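Peer 1: sequence below, structure please.
(4 chains)
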2 protein chains.
Amino acid sequence: MARKQGSHAETTGPRIRDAALRLFAQHGYAAVSMRQIAREVGVQAGALYLYTPDKQTLLYDLMRAHLEHLLGHLQLPDAAPEAQLEAFCRHHIRYHIDRPELVFIAYMELRNLETGNFAAIEALRHQYEDRLQTILKAGQASGDFALADSKLATMAIIAMLTGVNTWYREGGRLSRADVEAIYWDMVRKAVTA
Amino acid sequence: MARKQGSHAETTGPRIRDAALRLFAQHGYAAVSMRQIAREVGVQAGALYLYTPDKQTLLYDLMRAHLEHLLGHLQLPDAAPEAQLEAFCRHHIRYHIDRPELVFIAYMELRNLETGNFAAIEALRHQYEDRLQTILKAGQASGDFALADSKLATMAIIAMLTGVNTWYREGGRLSRADVEAIYWDMVRKAVTA
DNA sequence: AGAGGATATGAACAGTCGTTCAATTCATCT
DNA sequence: AGATGAATTGAACGACTGTTCATATCCTCT
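Peer 2: Presented below is the predicted three-dimensional model:
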């Protein structure tokens, strides 16, 4: 007994990642079984292993793709620190609003990564944080920003911006442009001299 | 076969909650088995059920106790909005620094609560958020604060402050008083007119 | 000394877990 | 038409899951 329909090799892979993403975000990595993912895709559990070596890699690939995409799309203008910071904030919020499930997983499931995978993801995360801290330090040096501690300010800003995903829902009271503007205003005031 | 030593009724209960707290925080609720918790306490799995009706209640009780404690200890001075906001921020940071594992669980394991338990926890969380939003609205009314949106500012401030637990480690570069002061400075600037 | 209750054990239950693999089906190519 | 190989099934593996319960032990009270 095998396939009931034609071949689906090109679509099954992405559909597995989509289902895993959705289910991991909803119930958590540990609470989701390979059989649940398979059912969602409309396939038997064994078939998943044609597309991923194991469950752990399924999680790791989702997280790595997310962080590489986040880093790759961060384009900062060759401008003053304040303009760079604005670009960073708007990029961060926009990206997070567009991919709530990926963002959620990348933060929540860190502890379910095996040692080597965890280190790789953490390295990417630090790269991203460093981009922000570099901006803040430049602003300190130029006198544009007044910060007691650039590392702490980095973490505070990222936490604040990422928090948008705890409440923002598409079609709500505020548009994405509103949200960007309001958050940027608070960040600007918090760091400005 | 049964107990090897004397009775431990008064200590076993708390030790189970401690072990559950630590293990849930480290590996996640779904990834921790009752047998792991029992092993940590030095007891067989069956004995856990003398102290909790089931695993779910173990989680729920931890989260409820945490939020009730957080709310119960929030004493705001009868003063101007800025002084109230400072008290709120310092309380929040202090509380979070002191109980990183409880805070972590209360946020991360929301999705593992059954419907009724989830609603109860969410109600407590909203109560806490409302305390902050009330301060912010008062500041808006008095002209002390300049906020585009008090609800959004509430969420932004809480996210920023809670983020302290992603990086703060006891005995690190900054003292708890330093951290409180730096965060409060950023919040004050972000909301001030 | 003996009874009674609180505390704990350890085996058992039925179910689920991630993963493997021989067998099977289908599309494509010759 | 027949062969090839990719795609998939479904059964099976041993291990582990939360929970229950008869049984056993120890402390306390009489």
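Peer 1: pull the contacting residues for A:L152.
Peer 2: If you count contacts by CB atoms under 8 Å, 6 or more residues apart in numbering or on different chains, A:L152 has them with B:W167, B:L174, B:V179, B:I182, B:Y183. C-beta coordinates here come from the backbone N, C-alpha and C atoms, glycine included.
Peer 1: from those residues, which is closest to DNA strand C?
Peer 2: Of all the contacts of A:L152, B:W167 has the smallest distance to DNA strand C: 31.2 Å, by CB to the nearest atom of the strand.
Peer 1: near chain A, which of the contacts of A:L152 show up?
Peer 2: Filtering the contacts of A:L152 for neighbours of chain A using CB under 8 Å from any CB of the partner chain leaves B:W167, B:L174, B:V179, B:I182, B:Y183.
Peer 1: look at the fourth one and give its secondary structure.
Peer 2: In other words, B:I182. Under DSSP: H, G, I helix; E, B strand; the rest coil, B:I182 falls in the helix class.
Peer 1: rewinding a little: export the ones next to chain A among the contacts of A:L152 as JSON lines, with columns for distance to DNA strand C and neighbour count.
Peer 2: Compiled in JSON lines, the ones next to chain A among the contacts of A:L152 are given as follows (distance: CB to the nearest atom of the strand, whole Å; neighbours: other CB atoms under 10 Å in any protein chain shown):
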{"residue": "B:W167", "distance to DNA strand C": "31", "neighbour count": "17"}
{"residue": "B:L174", "distance to DNA strand C": "41", "neighbour count": "17"}
{"residue": "B:V179", "distance to DNA strand C": "39", "neighbour count": "22"}
{"residue": "B:I182", "distance to DNA strand C": "42", "neighbour count": "19"}
{"residue": "B:Y183", "distance to DNA strand C": "39", "neighbour count": "23"}
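Peer 1: reformat those residues as a markdown table; add distance to A:A193 and pLDDT.
Peer 2: Shown next, in a markdown table, are the ones next to chain A among the contacts of A:L152 (distance: CB to CB, whole Å; pLDDT from 0 to 100):
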| residue | distance to A:A193 | pLDDT |
| --- | --- | --- |
| B:W167 | 24 | 96 |
| B:L174 | 21 | 96 |
| B:V179 | 21 | 97 |
| B:I182 | 15 | 97 |
| B:Y183 | 18 | 98 |
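Peer 1: just the closest of those residues to A:Y29, please.
Peer 2: B:W167 (23.2 Å; CB to CB).
Peer 1: does the nearest residue in space to the closest one that is not next to it in sequence belong to a helix, a strand or coil?
Peer 2: Spatial nearest neighbour of B:W167, chain neighbours left out: A:M155 (5.0 Å); criterion: CB to CB, 6 or more residues apart in numbering or on different chains. Following three-state DSSP, the label given to A:M155 is helix.
Peer 1: next up, the contacts around A:M155.
Peer 2: Counting by CB under 8 Å, 6+ apart, A:M155 has contacts A:E129, B:G163, B:V164, B:T166, B:W167.
Peer 1: report the two of those separated the most.
Peer 2: Greatest spatial distance among the contacts of A:M155 (CB to CB): A:E129 and B:V164, at 14.9 Å.
Peer 1: residue ranges with poor pLDDT in chain A?
Peer 2: A:1-9 (pLDDT under 70).
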